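J.: generate a structure from the sequence data that follows.
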Amino acid sequence: MINPLLIAADESKRAPTGKFRAREFLRIVALTRPYRRALVVGLILTVAFAGLHTASIGGAFPVFQILLEDEGLHGWVNRTIAGHRLGVDFAPINAPDVAHVIKVHSHGPANGAGIRMLDQIADPQSRPIEGLLAELAEAPPGADVPVSVGTGEQRRTVVLRPAASDIQYRLLRWADSLLPDDSPDAKIRTLSCILLVLVLTAVTSNVCRFLGEVLVAGAVLRALMDLRDKLYEQTLHLPMAFFAGTKTSDVVTRFVQDIQEIQRGLLTLFGKAIREPIHAMFLLALALTIDWRITMTITVVVPIIIVVFWTVGRSVKKANRKLLQCYGEMIGALTTSLQSLRVVKAYTAEQQEQARLDVVDRKMFRQQLKLARLDAFLSPMMETVAIIAGSLLTVWLAGRVLDHHLSMSKFAALGATLSMLFDPLRKLTDVYVRIQRSTAGAERIFHVLNEPKERPLDDENVEIKPLRQRIEFVDVAFTYPASNAPALSGVSLTIEKGETVALVGPNGSGKTTLVNLLPRFFDPQQGEVRYDGLDIRRARLRSLRRSIGIVSQESVVFGGTPIENIAYGDANPDRDRVIEAARRAYADEFLCALPGGYDSVLGERGTTLSGGQRQRIAIARAIYHNAPILIFDEATSQIDSESELKIQTAVREFAQGRTTIIVAHRLSTIQFAGRIVVMNAGRIIDAGTHRDLFDRCTLYRTLCETQLVES
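T.: Numbers count the residues shown, from 1 in each chain. Alright, predicted model coming up:
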């Protein structure tokens, strides 16, 4: 089930599925290097899980041997070891006194003694065949063991000298010696012992899997936390020009959606991509050990199964991608409707909005139904293929069982092993897609990390002092990265220390762009900005910005207390200074009225405050830091007349003796300024007092009559 909370509202912001990016893949793998010890231990535990899980499946064979075969487990061990030492394959024992030879190997004692395929071997003293096979399995290497070969009058006695056992058969003999005998009563005890070992093995394998997955997940999540920290640091130190050409929502998506894509890719890489192939190899090795000929014959079907999974998987992926797009459209449409609910109700457009959402909902329904059909098709299709293949295989293996070439216990164990083999192959079908998407997400993140940072705050440049003479904009020109039209063209302006200058002009005239050059949010492509004659590009950035207090048009309030907001940037805020700054900004009156006063937690972005209250907090912030230069971008919305009066009073009082630049939108503010600069289309067209400009500047007079609002 898809979680809509994890889906970017705009599908275009998700990492695209394209070609595999090897360079980004290596870089995201390198992220885990500091945690390689945990990864290595986790992968070792993963291998241990695969081995132990396979061993627990292989343990089904002795269980089948006890339950399905008359010869029992001890009889199978003796027959297997005796056959290995003699160089023959015996059919499962189904008669008490003879063993049937179904294959003779060219190099072995039996071939040298003239024993041939289909011969019957019996004990010369007419003992049960189990006793003779036990003697052949336990005899010292090269010892003489007489056996009777053939039937009736053709029976002859030959002497066999069993060869030495390989180590795996000696271990098998040792393990067999730990179990009770094959008497009817002892079979239950043997079965109980084997099942106990299988249970312990299964528990140990699952513990290994749990610990391995936890260690791998911990390493991956720590690596991604480091990546987010680097991305935080990089983003906060990028120049403002980067954000002028990049949507904030796109940057946020890289923190959320693209990091999630990398997380899924790394967890898949160190999880399924390693665990399932190892698991499959162990299972294949077990099947080959049981009977390599049958296993090789059956594995011909595996490519067909993989092709089926791959084909259906691609269809599922395509349908899933379209479903995600529909989710994005639905979330976008629903968000728009809810955010604009006042307008919807005002124009009685509820039915229209419902119809628009219904269209998106139907598109989503079609994709969900398509996914449901694919899911519903996959299981019956695989079951049908399994039934057909299983039926053909059963007929073929039944013939081998009836010909005594295969025991029932081997058949059952082989079937269980091969059926388990398809599970890891199925889980591998989406590995490539997940890793591919992770590299696409990594490409977008590394694009941000590769961007050049803003100059360090504490570089080797000149430490500036409080302004002594003037600020000069000398023939500055600037064009935003995403724009073809210049925002500023040949602007020259001198502001003397202690002077209050107001910038006015139509929207887009370059007022805010000009003041943004002073704290070096942007650098002009032409000309200079000088601070007491020094090009500010040669000034130490921290000292420059700490000399400037900024109250922006959108007064920013962070989620936190009023003390944290007013003293923002000060690691050890002075409470008394904060309260004094709030009092001077006329913010103390509403802050004291909050439930917790100055220790109240304000809503994120100050949503619990009015526009005027937020701006007074921003002014208090500038007063607290007591910068000698003030930039005030006056807000034009959400401010009532009472708030405006208090804001104007606070700014006038604070501006006394400071160099102040005001981006003005109200006539009362313009009259407060000592000099008014009129801008249009990125140029300064006039400057002077309110009375002079009103008389001689047509644009200024028009602004006063139309845009500059008298309070």
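J.: in the stretch 401-550 of the chain, which spans are helices?
T.: Defined through DSSP state H, counting those that start in this stretch, the helices belonging to the stretch 401-550 of the chain, from first to last, are 408-427, 431-449, 511-517, 541-545.
J.: identify the residue nearest K230 in space, chain neighbours excluded?
T.: Distances taken as C-beta to C-beta, 6 or more residues apart in numbering place L449 nearest to K230, at 6.3 Å, with adjacent residues excluded. For the C-beta atoms, the positions are set from N, CA and C on the backbone; glycine is no exception.
J.: how about the contacts made by the one you found?
T.: Contacts for L449 were tallied using C-beta atoms under 8 Å, 6 or more residues apart in numbering; they are 230-231, 234.
J.: re the thing from before, mean pLDDT lowest for which of the helices of the stretch 401-550 of the chain?
T.: Mean pLDDT is lowest for helix 408-427 among the helices of the stretch 401-550 of the chain, at a mean of 69.
J.: what helices or strands is the helix or strand containing I188 leaning on?
T.: In this structure, I188 is located in helix 184-236 according to DSSP states H and E. Contact partners of helix 184-236 among helices and strands, from 3 or more C-beta pairs under 8 Å, 6 or more residues apart in numbering; DSSP states H and E: helix 36-58, helix 60-68, helix 72-86, helix 259-269, helix 431-449.
J.: report the distance from that helix to the chain centre.
T.: Average the C-alpha atoms of helix 184-236, do the same for its chain, and the two points are 20 Å apart (C-alpha atoms, centre = their mean, to the nearest Å).
J.: so it versus helix 259-269, what angle?
T.: Angular relation of helix 184-236 and helix 259-269 on a 0 to 180 degree scale: 150 degrees, by axes from the mean of the first three to the mean of the last three C-alpha atoms, to 10 degrees.
J.: determine how far the helix or strand just after helix 184-236 lies from the middle of the whole chain.
T.: Reading on from helix 184-236 to the C-terminus, the next helix or strand found by DSSP H and E is helix 240-244. Taking the mean C-alpha point of helix 240-244 and that of its whole chain, the gap between them comes to 27 Å (C-alpha atoms, centre = their mean).
J.: repeat that for stretch 141-159.
T.: With C-alpha atoms, centre = their mean as the basis, the distance from the averaged C-alpha position of stretch 141-159 to the chain average is 69 Å.
J.: now do the buried residues in it.
T.: Neighbour counts using 16 or more other C-beta atoms under 10 Å place 145, 147-150, 158 of stretch 141-159 among the buried residues.
J.: that one: end-to-end distance?
T.: End-to-end distance of stretch 141-159: 13 Å, with C-alpha to C-alpha, to the nearest Å as the criterion.
J.: just the mean pLDDT for it, thanks.
T.: Averaging the model's pLDDT scores along stretch 141-159 yields 85.
J.: are we agreed that I102 is in a strand?
T.: Yes. Membership of I102 in a strand is supported by DSSP: H, G, I helix; E, B strand; the rest coil.
J.: tell me which residue is most central in the chain.
T.: Centroid check for the chain by C-alpha atoms, centre = their mean gives Q263 as the closest residue, at 2.2 Å.
J.: quick one: that one and V220 touch, right?
T.: Yes. Under the criterion of C-beta atoms under 8 Å, Q263 makes contact with V220 at 6.5 Å.
J.: out of the helices and strands packed on helix 184-236, which is closest to T706?
T.: Taking C-beta to C-beta as the criterion, T706 comes closest to helix 431-449 out of the helices and strands packed on helix 184-236, the separation being 42.4 Å.
J.: export the closest one as PDB, just CAs?
T.: What follows is helix 431-449 as a C-alpha-only set of coordinates in PDB (Å, rounded to 0.1, in the frame of the first residue of the first chain):
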ATOM      1  CA  VAL A 431      16.500  -4.400  -7.000                       C
ATOM      2  CA  TYR A 432      17.700  -2.700 -10.200                       C
ATOM      3  CA  VAL A 433      14.800  -0.200 -10.300                       C
ATOM      4  CA  ARG A 434      15.400   0.900  -6.700                       C
ATOM      5  CA  ILE A 435      19.200   1.300  -7.100                       C
ATOM      6  CA  GLN A 436      18.500   3.100 -10.400                       C
ATOM      7  CA  ARG A 437      16.200   5.600  -8.700                       C
ATOM      8  CA  SER A 438      18.600   6.100  -5.800                       C
ATOM      9  CA  THR A 439      21.400   7.100  -8.200                       C
ATOM     10  CA  ALA A 440      19.000   9.500  -9.900                       C
ATOM     11  CA  GLY A 441      18.200  11.100  -6.500                       C
ATOM     12  CA  ALA A 442      21.900  11.200  -5.600                       C
ATOM     13  CA  GLU A 443      22.600  13.100  -8.800                       C
ATOM     14  CA  ARG A 444      20.200  15.900  -7.700                       C
ATOM     15  CA  ILE A 445      21.700  16.000  -4.200                       C
ATOM     16  CA  PHE A 446      25.300  16.000  -5.400                       C
ATOM     17  CA  HIS A 447      24.400  18.800  -7.800                       C
ATOM     18  CA  VAL A 448      23.600  20.900  -4.700                       C
ATOM     19  CA  LEU A 449      26.700  19.700  -2.900                       C
END
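J.: understood, closing this out.
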